[in-house]
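Trainee: build me a structure from this.
(2 chains)
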Amino acid sequence: MGNKEPTNYLDLTNREAVLETIMDEYGDSVVWLAFSYLKDKDKAEDIAQEVFIICYTKLDTFNVESSLKSWVLTITANKCKDVLKSWAYRNITFAQSLLSTFKHSASEPDMVLIGSEENNELALNILKLPTKYREVIFLHYFEDLKVQEISELLSINENSVKTRLRRARMLLKEMY
Amino acid sequence: MEKHFKNLRTRLLDTKAVTFTRSHKNNVWKTVKRETRPKKKSSFGSVLHQKIPALLTYLTLLLMLVGTGLIVASEIGILPETNSASVHTLTEEDLYNDVLHSASLINNADDEEKIRSIALSYLANYDNWKISNPKAIYKEQPAILAQGRITEGYFEKMTFSIWIEPDTGLPLNFVIRNQQSSILEEFSLPGEALAQVELQK
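Mentor: Okay, here's the model as predicted:
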């Protein structure tokens, strides 16, 4: 899980200090995981803020024996899945896809990429993967989580995680 | 394929497709501080405003309960029957006017004059008499009994009683008694006169 687990040095009763730390440590992780689910920059940033507010208010429910990062990412994943399932989001997405049908031939994520061409292409290709493959790719390669940790975070068995990772890699390979 | 995922974090962050900035952090802090700020004690007005729907609900329920209770009490006979028609707020002045005007109902001039003189002589001064029993009975028919004292004239210091028919104001019987309760004078409207009035109604 990484070598600087904040629970080793943080006083969890000091909620303000915990919030400041997790926003510094996991801000990018949370916003990118949200982006991987929603493929919408503004929505991902909104979700990230909501996740940290939830962490602050629900800190009492955090199990001190477990990983703070896993807890934050679990909240993020669940929050994003709730949004994806919500009636409003599905209808907005449907309306946007209709618009994009008229505007562009392909419905690609609406974003501005300023990195190297190779990195931009990689980002676009990962975002083209189906959600269940995107999430494992992000958690394994972006967050550096082990298969067992992903299994616990997503509440699926380890073999499923392995299968999804394998399938995701195959799909990406086909894109190049 | 693995080469694509090597340093995936660094490579994706490089695209800056999405970022968690200082501004986002500040928004989180603002929300957290707003939500954890101790809430002001509600003023009486705002408390009342919040409680109004509940109060109205309680009031409605109370009214329904009282209403149901009254209906049940009425049905099982706990409450005395109140006949709104019998609620009579007749005043001495009303009765005087009724008697005075009832004279016109009589065809017999002599009786008519007597009734008018009873009203004017004994009932005109409301200080000297009062309605003793608004639900009296005279010869098995409902009547209003009025009693008073005579302050001047031939029958000074005597008392009188008059039974009046509630509907018409006709004096059914009028008596003057002395201090020993002996009847000194009496006037009864003849049965024929009453029957005639009854026919005219």
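Trainee: distance between the ends of stretch B:134-145?
Mentor: End-to-end distance for stretch B:134-145: 6 Å, by Cα to Cα, to the nearest Å.
Trainee: show the average pLDDT along it.
Mentor: What stretch B:134-145 shows for mean pLDDT is 89.
Trainee: so residue B:138 touches residue B:162, yeah?
Mentor: No. Using Cβ atoms under 8 Å, residue B:138 is not in contact with residue B:162; the gap is 9.9 Å. Every residue, glycine included, has its C-beta placed from N, CA and C.
Trainee: which residues of chain B lie near chain A?
Mentor: Contact residues, chain B versus chain A (Cβ under 8 Å from any Cβ of the partner chain): B:1, B:4-5, B:8-9, B:11-20, B:24-25, B:27-29, B:31-32, B:35.
Trainee: of those, select the buried ones using a PyMOL command.
Mentor: Typed into PyMOL, the line below selects the buried ones among the residues of chain B next to chain A, using 16 or more other Cβ atoms under 10 Å in any protein chain shown:
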select buried, chain B and resi 4+5+8+9+11+12+13+14+15+17+18+19+20+24+25+27+28+29+31+32
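Trainee: quick one: the strands in chain B?
Mentor: Under the criterion DSSP state E, chain B contains strands at B:129-138, B:141-149, B:159-164, B:171-177, B:183-188.
Trainee: show me what the last one is packed up against.
Mentor: The helices and strands touching strand B:183-188, judged by 3 or more Cβ pairs under 8 Å, 6 or more residues apart in numbering or on different chains; DSSP states H and E, are strand B:171-177.
Trainee: mind checking the pLDDT average for the longest helix along chain B?
Mentor: Ranked by residue count and defined by DSSP state H, the top helix of chain B is helix B:44-75. In this model, helix B:44-75 carries a mean pLDDT of 83.
Trainee: in CSV, list the strands of chain B along with distance to residue A:168.
Mentor: Output for these, formatted as CSV (distance: least, Cβ to Cβ, whole Å):
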stretch, distance to residue A:168
strand B:129-138, 101
strand B:141-149, 104
strand B:159-164, 109
strand B:171-177, 113
strand B:183-188, 120
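Trainee: what is the burial count for residue A:7?
Mentor: 18 (other Cβ atoms under 10 Å in any protein chain shown).
Trainee: now it: closest residue in space, sequence neighbours ignored.
Mentor: Using Cβ to Cβ, 6 or more residues apart in numbering or on different chains and skipping the chain neighbours, the partner closest in space to residue A:7 is residue A:68 (5.2 Å).
Trainee: does that neighbour touch residue A:22 like I think?
Mentor: Yes. Using Cβ under 8 Å, residue A:68 is in contact with residue A:22, at 6.6 Å.
Trainee: can I see the domain layout of the chain?
Mentor: Using chain A here. Listed domain ranges for chain A are A:1-108, A:112-176 (source: automatic domain parsing).
Trainee: please go with chain B instead
Mentor: B:1-81, B:92-200.
Trainee: tell me which of these is the most buried.
Mentor: Stretch with highest mean neighbour count among the domains of chain B: domain B:92-200 (a mean of 16; mean count of other Cβ atoms under 10 Å in any protein chain shown).
Trainee: what's the separation between the residue nearest to residue A:7 and chain B?
Mentor: Distance, residue A:68 to chain B, using Cβ to the nearest Cβ, to the nearest Å: 16 Å.
Trainee: number of residues surrounding that residue?
Mentor: Residue A:68 has 24 neighbours, counted by other Cβ under 10 Å.
Trainee: please pull out the lowest mean pLDDT helix or strand from the chain.
Mentor: Went with chain A since none was named. Ranking every helix and strand in chain A by mean pLDDT, DSSP states H and E puts helix A:87-103 at the bottom, with a mean of 56.
Trainee: what does chain A have sitting close to chain B?
Mentor: Proximity of chain A to chain B, by Cβ under 8 Å from any Cβ, involves residues A:19, A:23, A:27-28, A:30-32, A:34-35, A:41, A:44-45, A:48-49, A:52-53, A:56-57, A:109, A:111-116, A:118-120, A:122-123, A:126, A:137, A:141-144, A:169, A:172-173, A:176.
Trainee: buried subset of these?
Mentor: The neighbour count (16+ other Cβ under 10 Å) marks A:19, A:23, A:27-28, A:30-32, A:34-35, A:41, A:44-45, A:48-49, A:52-53, A:56, A:111, A:113, A:115, A:119-120, A:122-123, A:126, A:137, A:141-143, A:169, A:172 as buried among those.
Trainee: show me those that map onto helices.
Mentor: A:19, A:23, A:27-28, A:30-32, A:34-35, A:41, A:44-45, A:48-49, A:52-53, A:56, A:119-120, A:122-123, A:126, A:137, A:169, A:172.
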